[in-house]
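J.: build me a model:
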Amino acid sequence: MFVRAVLVLQAAIIVGLSVWMYNEYVSNPYLQTYLLGLFQGKGSLIAVLGFGGLIGTVLVGILLKAGSILGEIENLSEKVENKKIDNAGREKLMTMSVLKVVDPEPVDEIGRLHRSLRRWNELSKTQE
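T.: Residues are numbered from 1 along each chain as shown. Prediction:
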């Protein structure tokens, strides 16, 4: 909860400073002249770097989200506790077996090679 509050605060500060900078640029001809001279001939470089940064940020976000999802899937428990209420109104814990998630078979050569290396690694760990 604290992290989300900090992120929202940072986003609000960034938006506020961006609006202030835009208003300052629109109303200040000296700032317009300065920035035009500063970035003259470098606009395409700045656009490419900005777009690259945006794509990089999106990809890092996707990878972090995918890692989070895979971590949740990997940590599925094999037993689930389920509360069952008996006739007397008392709660009774009951364990229920859950099917284990199995990796799908790879469809390409690299996937097959990776899977065989993983199996070899698991077998070598059990033989030690």
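J.: could you pull out the strands in this structure for me?
T.: 79-85, 91-97 (DSSP state E).
J.: confidence-wise, which of those strands is weakest overall?
T.: Among the strands of the chain, strand 79-85 carries the lowest mean pLDDT, a mean of 53.
J.: low-scoring stretches of the protein, by residue?
T.: Where the chain drops to pLDDT under 70, the residues are 67-107, 128.
J.: where is the longest helix in it?
T.: Ranked by residue count and defined by DSSP state H, the top helix of the chain is helix 43-74.
J.: any buried residues in that helix, and which?
T.: Residues of helix 43-74 include none that count as buried (16 or more other CB atoms under 10 Å). Quick note: C-beta positions are derived from backbone N, CA and C, even for glycine.
J.: next one: stretch 118-128
T.: Across stretch 118-128, burial judged by 16+ other CB under 10 Å covers no residue at all.
J.: so what touches that stretch?
T.: Residues from elsewhere that reach stretch 118-128 (CB atoms under 8 Å, 6 or more residues apart in numbering): none.
J.: using PDB, write out every CA atom in that stretch.
T.: Output in PDB follows, covering the C-alpha atoms of stretch 118-128 (Å, rounded to 0.1, in the frame of the first residue of the first chain):
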ATOM      1  CA  ARG A 118      16.300 -29.200 -17.800                       C
ATOM      2  CA  ARG A 119      15.500 -33.000 -17.400                       C
ATOM      3  CA  TRP A 120      19.200 -33.800 -17.400                       C
ATOM      4  CA  ASN A 121      19.800 -31.100 -14.800                       C
ATOM      5  CA  GLU A 122      17.000 -32.500 -12.600                       C
ATOM      6  CA  LEU A 123      18.300 -36.000 -12.900                       C
ATOM      7  CA  SER A 124      21.900 -35.000 -12.100                       C
ATOM      8  CA  LYS A 125      20.600 -33.300  -8.900                       C
ATOM      9  CA  THR A 126      18.800 -36.400  -7.700                       C
ATOM     10  CA  GLN A 127      21.800 -38.700  -8.300                       C
ATOM     11  CA  GLU A 128      24.100 -36.600  -6.100                       C
END
